[in-house]
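Peer 1: Pasting the sequence and the predicted model now:
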Amino acid sequence: MDIFLWLPDSYPVLLFPSTIGMLGWLLVLGGVAWVLWLSQHFQSAWQKRNAGVVALLFVLQVVFALLIGVRLPADLALPVPNSPQELKGPALMLFSALPWMLLGGIFGPFVAAIGGLLAGALRFLWDSHSIFTPLELALLGILFSVAVRQRYRTRLFRLLGQPLIATLVLSALYFPIRILNTFLLVLEPPALSIADSLIYAVASAPGAAVATATELLIGGLFTQILAMAFPAWFGRRLPLQPSPTERSLEARFLFGTGILTMLLLLSLLVGNWVVAGNSAREMLSKRMKGTAELAAQSVPFFLETGQNLAVQMAQTPALGTETGAALSQTLAVQIRSIPFFDQVLIFNREKQLLGSYSSKEVPLNLYPEESQGIALALNGVLSQVYSIAPITPGNPARLSFIVAITTLSEPLPARVLVARTDLANNPFFQPILNSLRSMEELGGEGILLDENRRILYHSAARQVMSSYAGRVETQASFFDDTGRDGTRNVVYFQPVVGRSWSIVLTVPAQEAQQLALDIATPLSGMILVLAIVALLSLRLGLKAVTTSLQNLSSEAVRIAQGQLDHAMTVEGVDEVGQLRRAFEQMRMSLQSRLEELNRLLLVSQGVASSLDLQDTIQPVMEAVLALGANAVRVVITFLDETSEQESGTVFALGPSKDKYAYLDEQMIHLTQQQERLVLTNVLRSRGLEISTGRPMPASLMAVALRHENRQYGVLWAGFDQPRLFSETDVRFLTTLAGQAALAASNNHLFRTAEVGRQRLAAILASTPDPVLVTDQYNRLLLSNPAAWQALGPAVGTGEGQPIEKLLSQQALIDLLNVNAPPDKLSAEVTLLNNQVYLATASPVVAEGRPMGRVCILRDITHFKQLDTLKTEFVSTVSHDLRSPLTLMRGYATMLEMVGTLNEQQQGYVKKIVFGVENMSRMVNNLLDLGRIEAGVGLNLQMVPVTDTVERVVNTLQPQAAQKSISLNLQLPENTMPLVEADPALLEQAMYNLVENAIKYTPKDGRVSVRLKIIGDGIQFEVEDTGIGIAPIDQPRLFEKFYRGGQREAREQKGSGLGLAIVKSIAERHGGKVWLESQLGKGSTFFLQVPLRQPAERKTEKRSL
């Protein structure tokens, strides 16, 4: 193997095939185009941004197709027949396949085909010289692109999607493609027969296949690495799809069995070819061996005969003494007696011709070999044999036997006998000649070599007397060799035993392959025919099965679509026939079931559409009658709401409905003991008491009408003819009985609900307070006459309409809204006539979801008037009490100035001062609350809230210490911003909250004060460990004068105004106050006000 950098080492060579080859090329081109058209859906959509990458890969394709390669040994290549060209091994271009693989993997089969055509065209010019090479590489590019870009989900296809696996498959697939294309390339009858073309194609394919497979594996390895590193390039992130074998049962079987059949077929063909080749080679070897051995055995006899005859002739006395004509006459007599030699010459010591005889006119001159042999003979070598050139070119060589002539008188030879023979005419050489010429029947050659490896005989006469350049062995050998014209030959080399001569027999390898082809063709043809017949039989068999399955699929589609009136033709008893029969049974069963369901649907519709028993029971009885019953009876029993006496209602249907009416009581009694009663033969039943002479049914079924553990009656059906009831019949009648029981239950519930509704209507009509009921969509459901009178006649006629259209009081609309906050349970509503109502709403909740609200309005106009008078009275009294209280406190504190008071007197004074201070505080609270409720403007300032809180805590710290309560303040680490508020009111609200916490926290408790920034506001929190507040007291805790009902709360002195003042201050600042409390564990009060007040509040002026 030779490594080279640049493939073009000469001018490009263009070798085109014959007419038949061009037609084959067009067929292959059409096949490639067809495969490309089939694979068009694997092509990526063209984008302009990819043009640069595609162009770069095309440039790399040109470079890599010509740059860096390895020249494989010439033994792997064969010259194209009838084409004069230098024999070179196939070129292996290391990276030639990589560009078109990347083009196919990234962009699709079209660009891969172009890349393959480009690479193949360059290889066609400077390497393969086959016009089929571009089409081969284009086809490989298309197949590779389809393999790596397909997204089928089965394991085989997913493995095939790996570039390295795909290249392995393509490498195996390339071998038969190469054989076919090479066969079409060289086929040119009669110059080159079909057999010779096929032999050449098979013999030359391995070298090219090795080179191409290596290129594919190198490109596949690099592409595999890129595909793992960048899977999106190769479409690996697209969703997987069902493979063709998943979509079709026929395709699955053909794919599996087809591959198995092809493998078996290929194995048989390859095995047949190998066996035939070995057999042909063995037969040829035996024939050549027999021929060579026969020829080799004849050579020593021939030479010994010639030497013996020459020695006998030399021992003739006359040859040692005669001269001239007498000598020639003696030689003529010797030659005529033994027809071995055709010319005899006698030379003296000076190599002068003394006499000669020739059977034909031939030159008498000495050959160099003979001259040297005469010298040796005169020096004591008695007998010699030399090969000399033929007289006529193109004939086999001649042999010269040289023998020294001695006499008794002279010990040294004085004369030398030279006897020549022509191998072509020597009768003793004819067996050898015939053996050598027998190879010509096989298109081979027979060669006879002397001790100097000169050719004495050759089927190609021009080779006679030339040196043999082939392989020489020391023992008999059978081997392959290459002739001078580059053809591969089978050679048998047979050395001659006892001589240095050799027999060489050569036969062209194509003769062995032709023989193998003759042996293998019948069996291969039989295998192919059987394979085709097997595939066709399998295809037809599968077609019959798949056609039946398709018909069954169509029937299944009809069944799925509800077309159950199409009967199937059931034929055959095989598996398909059994499946058809099962489908037909399923269709009939489904049809029967659908009819039952249709009847049940009609029954359900009847039950759902009416509450009248007659209308709902009628479809039930009709459905039972469709089963073949002659009498259907439904007996309804229930307790009357008024009389509490058991009464019943009977519904009957059918031609015999009245004949079996006497059995109703027994059916009720029996079904109370067991839910279902099935009697296939009434005569054999022991539970029924039937008087003699009365009509009775042959069979009957009865089912109790039970719903929610209550029996409403019985449904029973009588049959005049005996009947075997199936499980389906019993289940169907049980279902119908359930519907009848549901109808009876609905009727009973409706009657009960109607009575309840009438009672409720009477209660609402007699209620003096207005009542409103809404649904989850804020629509009015119910109202009483009191509501019509108070809210207007529109309420009385507006049931089902939104409350926004019926009411004008926004407070009442907000209260009735189903999405109102859960703490919004009451509101004061002022009507147009200035009447004030307290509206209390309660949510209606079903399964955790609000379904509406119920609102009761209570007239509190009189109470509001009394509250106004009370407020005015309290305000007046409080204002009038301020001066006397101040005077009382002043004089009480001055009593100590008048004189010394004893301890008891000092106690009285302290109690007077403490009482006056409590009254003053209450008066101030009342005045502050009155000022806030009167809407007096706020004195807004930028308040440092931290200072305010600290001041409140410091003020109340002594009070907390008196009760051993831990009062602590928790301020945020960051600086608190200034709050725009009324400083006095804000401090008052904080003070009230902290004071309340200390007041209701027992000894050794804890009160925590915290300050936080929440969004755009500030939040003041007071947490205590006091007695807590009961849930029932929490909604009203911020009302004036309200105090909790707990005993511990009642023990603490207070006016009930502190929290009301806090709420009023919070609302005046646009904030809010709320609490969280758990009884017995403590409470937390929250006061939240905004950091900045709206513009309209800033314009208000605070007035005293």
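Peer 2: Perfect, I can see it now. It should be emphasised that the depicted structure is a prediction, and the values quoted were computed from it without experimental measurement.
Peer 1: quick one: low-confidence ranges for the stretch 301-450 of the chain?
Peer 2: 408-409, 411 (pLDDT under 70).
Peer 1: let's see 90
Peer 2: Scanning the stretch 301-450 of the chain with the threshold set as pLDDT under 90 gives 310-343, 347-371, 373-383, 388-395, 405-415, 422-429, 432-433, 435-445.
Peer 1: contacting residues around stretch 756-768?
Peer 2: The list of residues contacting stretch 756-768 from outside it, by C-beta atoms under 8 Å, 6 or more residues apart in numbering, reads 771, 782, 784, 785, 786. The way it works is simple: take the backbone N, C-alpha and C, and place the C-beta from them, glycine included.
Peer 1: Could you check it and say which residues are buried?
Peer 2: In terms of neighbour count (16 or more other C-beta atoms under 10 Å), stretch 756-768 has its buried residues at residue 764.
Peer 1: longest helix of this protein?
Peer 2: Longest helix in the chain, counting residues (DSSP state H): helix 249-314.
Peer 1: any idea how far residue 615 is from residue 603?
Peer 2: From residue 615 across to residue 603, the span is 11 Å (C-beta to C-beta, to the nearest Å).
Peer 1: which of these two has more neighbours?
Peer 2: Between residue 615 and residue 603, counted using other C-beta atoms under 10 Å, residue 603 has the larger neighbour count: 26 against 13.
Peer 1: Tell me the confidence at residue 1010?
Peer 2: On pLDDT, residue 1010 comes in at 92.
Peer 1: and it, how many neighbours does it have?
Peer 2: Per other C-beta under 10 Å, the neighbour tally for residue 1010 reads 17.
Peer 1: Please apply the same query to the one 4 residues further on.
Peer 2: Using other C-beta under 10 Å, residue 1014 has 9 other residues around it.
Peer 1: Give the phi and psi angles for it, as a check.
Peer 2: Note on residue 1014: its backbone torsions stand at phi -120, psi 100 [degrees, to the nearest 10].
Peer 1: likewise the one 3 residues further on?
Peer 2: In this entry, residue 1017 is assigned phi and psi values of phi -140, psi 180 (degrees, to the nearest 10).
Peer 1: Now it: closest residue in space, sequence neighbours ignored.
Peer 2: Nearest residue to residue 1017, sequence neighbours excluded (C-beta to C-beta, 6 or more residues apart in numbering): residue 1090, at 4.6 Å.
Peer 1: Report the contact partners of that neighbour.
Peer 2: Counted by C-beta under 8 Å, 6+ apart, residue 1090 has contacts 980, 1016, 1017, 1069, 1070, 1071.
Peer 1: With residue 170 instead?
Peer 2: Residue 170 neighbours (C-beta under 8 Å, 6+ apart): 140, 143, 144, 147, 216.
Peer 1: farthest-separated two in these?
Peer 2: Longest distance between any two of the contacts of residue 170 is 11.9 Å, between 147 and 216; criterion C-beta to C-beta.
Peer 1: Compare these two (neighbour count), which wins?
Peer 2: The residue with more neighbours, out of residue 147 and residue 216, is residue 216; 25 against 22, by other C-beta under 10 Å.
Peer 1: wait, doesn't that one sit right on residue 171?
Peer 2: Yes - between residue 216 and residue 171 there is a contact at 5.2 Å, judged by C-beta atoms under 8 Å.
Peer 1: List the buried residues in the strand or helix carrying residue 1020.
Peer 2: Element membership for residue 1020, per DSSP states H and E: strand 1017-1024. Neighbour counts over strand 1017-1024 (16+ other C-beta under 10 Å) mark 1017, 1018, 1020, 1021, 1022, 1023, 1024 as buried.
Peer 1: cool, and stretch 25-45?
Peer 2: For stretch 25-45, using 16+ other C-beta under 10 Å, the buried residues are 25, 28, 32, 35, 36, 39, 42, 43.
Peer 1: Mind checking which of these are in strands?
Peer 2: Using DSSP state E, no member of these falls in strands.
Peer 1: Output those residues in a markdown table, with distance to residue 891 and pLDDT appended to each entry.
Peer 2: Below are those laid out as a markdown table (distance: C-beta to C-beta, whole Å; pLDDT from 0 to 100):
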| residue | distance to residue 891 | pLDDT |
| --- | --- | --- |
| 25 | 137 | 92 |
| 28 | 133 | 93 |
| 32 | 127 | 94 |
| 35 | 123 | 94 |
| 36 | 121 | 93 |
| 39 | 117 | 90 |
| 42 | 112 | 86 |
| 43 | 112 | 85 |
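Peer 1: which of those lies closest to residue 537?
Peer 2: Nearest to residue 537, judged by C-beta to C-beta, of the buried residues of stretch 25-45 is residue 35 at 27.7 Å.
Peer 1: Run a quick neighbour tally on the closest residue to the closest one other than its chain neighbours.
Peer 2: Nearest residue to residue 35, sequence neighbours excluded (C-beta to C-beta, 6+ apart): residue 142, at 5.6 Å. Residues near residue 142, counting by other C-beta under 10 Å, number 25.
Peer 1: Remind me which helix or strand residue 142 belongs to.
Peer 2: helix 133-149.
Peer 1: and that helix, what other elements does it pack with?
Peer 2: Using 3 or more C-beta pairs under 8 Å, 6 or more residues apart in numbering; DSSP states H and E, the elements in contact with helix 133-149 are helix 19-38, helix 97-106, helix 109-126, helix 163-186, helix 194-229.
Peer 1: Three-state assignment for residue 724, please.
Peer 2: What DSSP: H, G, I helix; E, B strand; the rest coil gives for residue 724 is coil.
Peer 1: How about residue 402?
Peer 2: Going by three-state DSSP, the state assigned to residue 402 is strand.
Peer 1: List the residues that contact it.
Peer 2: Listed by C-beta under 8 Å, 6+ apart, the contact partners of residue 402 are 310, 370, 373-374, 376-377, 383-386, 416-419.
Peer 1: on that earlier part again, nearest to residue 468 among the contacts of stretch 756-768?
Peer 2: Looking across these and measuring by C-beta to C-beta, the closest to residue 468 is residue 782, at 129.1 Å.
Peer 1: Tell me if the closest one really is in a strand.
Peer 2: Yes - the assignment for residue 782 by three-state DSSP puts it in a strand.
Peer 1: Pretty sure residue 773 is one of the things it touches, is it not?
Peer 2: Yes - using C-beta under 8 Å, residue 782 is in contact with residue 773, at 3.9 Å.
Peer 1: So in that sheet, which strands flank the strand holding residue 1020, and in what orientation?
Peer 2: Note on strand 1017-1024: by DSSP bridges, its sheet partners are strand 1006-1014 (antiparallel), strand 1082-1090 (antiparallel).
Peer 1: Please tell me how far it is from the chain's geometric centre.
Peer 2: Remark: strand 1017-1024 is offset 59 Å from the chain centroid, using C-alpha atoms, centre = their mean, to the nearest Å.
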